[in-house]
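Student: any chance you could fold what I've pasted below:
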Amino acid sequence: MIINPRLKALEKLNLEFCYGANELRWEVDNGVWSKKNFRGWGIDNVGWARSIKYKEKNKYMFVMDLDGNGIDTSILLNTYKLYNATYELLGVYPLMKASGKSGTHIILPMKFPGTWGENRILQTMKNIAFTIYNTAKLTNVNIGRAETRPFVDMHMYERGRLVRGLSIHMGSRKFAVPINYGDTINIVNRRMLLLEDIPDYTFDAYEYKDINLDTYDDKLEFEKTSMELMSLTPSQISSLKWSKKGDRWYRLLPPQLKVICNMDIDVKHMLKVHLVSYLSYYYAMDPEEIHKWLTANVKWEDYNPNSRETMYNIRYTHNWIKGVIAEDEFDGVEERVPIPGTFWEPPIEYDNVWKEIL
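Tutor: The predicted structure follows:
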């Protein structure tokens, strides 16, 4: 029986790629995975996948998953940009590989300091990916949990996440294979069919040391809105961001206040008072608790947690709300977001302002 030498080369590379993984999985049919390789399946029989986590303490597989609708020239050129940006940031070249179907991966084993916990490591890998994404200046590529492709998939940094090995894809029947910098789309497609030689790669771990990184916040879902808010300027409207995660107090906020939290520009004072009033009235937070919560949750460009004026305004609003309650003058425009009837100057009709968000 004649064995394809390219298959043998890819098999050797896949074993090196999977070596030391905390967990392995095998795709026995398209989308059907097994935790055990009962029959000693090879890379041409089933799809292989490995955890991004190694058994070795604080060693992980850093992955940037560029997910498209298939590997085309655009995906390939953007992958090269990520490759160069990775080297620019870390000083080492990663592995580039085709997933076997819809996209590409940038991969580099990383060893983190022994004193770090998993949450810090996962967040750091998100920050590295985000920094590389920002540096690479990709063309028409989003990041996060995008609904439209292509996008850099940040799901990869959740616990237990798996990355496809160098094996057959049970859906496309093509192989996940390494990519050489400068390969044409024709060469990559031929290599996925094992019609081109398999490049070699050494899976040495990169020793991570603190470097300046952009911070990726997966609490944010970047969405454009079409609303015309009476109380906001055009520049403020363009900065609106929608968030779907956060602490329990954040999750209980009405959607209007979540939007205010996630505005990243110089926010109007009256909108800040609206939020602080809610924290004081509904959550019974004292000024110190409000200050701590705002520091952890708001995105305002002009928010300075160390400013005496910031604390003064929080205390003033808190005391004002207590006074309103004591005087039994609390007359909410809507029950879900109560606010004194004398609050807005000039008066603003609540529903007309926010109805597009609800």
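Student: what's the span of stretch 98-117, first residue to last?
Tutor: 31 Å (CA to CA, to the nearest Å).
Student: please apply the same query to stretch 261-276.
Tutor: Per CA to CA, stretch 261-276 runs 11 Å from first to last residue.
Student: can you tell me what sits against stretch 179-186?
Tutor: If you take CB atoms under 8 Å, 6 or more residues apart in numbering as the criterion, stretch 179-186 is touched by 71-73, 76, 79-80, 83, 96-98, 104, 187-188, 191, 199. For glycine as for every other residue, the C-beta is placed from the backbone atoms N, C-alpha and C.
Student: quick one, domains of the chain?
Tutor: 5-207, 221-354 (automatic domain parsing).
Student: closest to Gly40 out of the contacts of stretch 179-186?
Tutor: Lys97 (23.8 Å; CB to CB).
Student: go ahead and confirm the closest one touches Gly165.
Tutor: No - applying CB atoms under 8 Å as the test, Lys97 and Gly165 come out as separate, 9.4 Å apart.
Student: okay, and the common contacts of those two?
Tutor: Common neighbours of Lys97 and Gly165 (CB under 8 Å, 6+ apart) are Ala176.
Student: follow-up on the earlier one: quick check: the farthest pair among the contacts of stretch 179-186?
Tutor: Longest span within the contacts of stretch 179-186, CB to CB: Asp72 and Pro199, 20.6 Å.
Student: which one of these two is surrounded by more residues?
Tutor: Between Asp72 and Pro199, Pro199 has the larger neighbour count (other CB atoms under 10 Å), namely 17 against 13.
Student: now Glu207, nearest residue through space, not along the chain?
Tutor: Lys111 (5.3 Å; CB to CB, 6 or more residues apart in numbering).
Student: from Met64, how far off is that neighbour?
Tutor: 18 Å (CB to CB, to the nearest Å).
Student: between those two, which is the more surrounded one?
Tutor: Under the neighbour definition other CB under 10 Å, Lys111 and Met64 were set side by side, and Met64 has more, 28 against 16.
Student: which SS class is the more buried one?
Tutor: strand (DSSP: H, G, I helix; E, B strand; the rest coil).
Student: and it, bridged to which residues?
Tutor: Assessed by DSSP bridges, Met64 has beta-bridge partners Ile106.
Student: surely it is in contact with Val152?
Tutor: Yes - checked against CB under 8 Å, the pair Met64 and Val152 is within contact range at 5.8 Å.
Student: please enumerate the shared neighbours of those two.
Tutor: Ala129, Tyr133.
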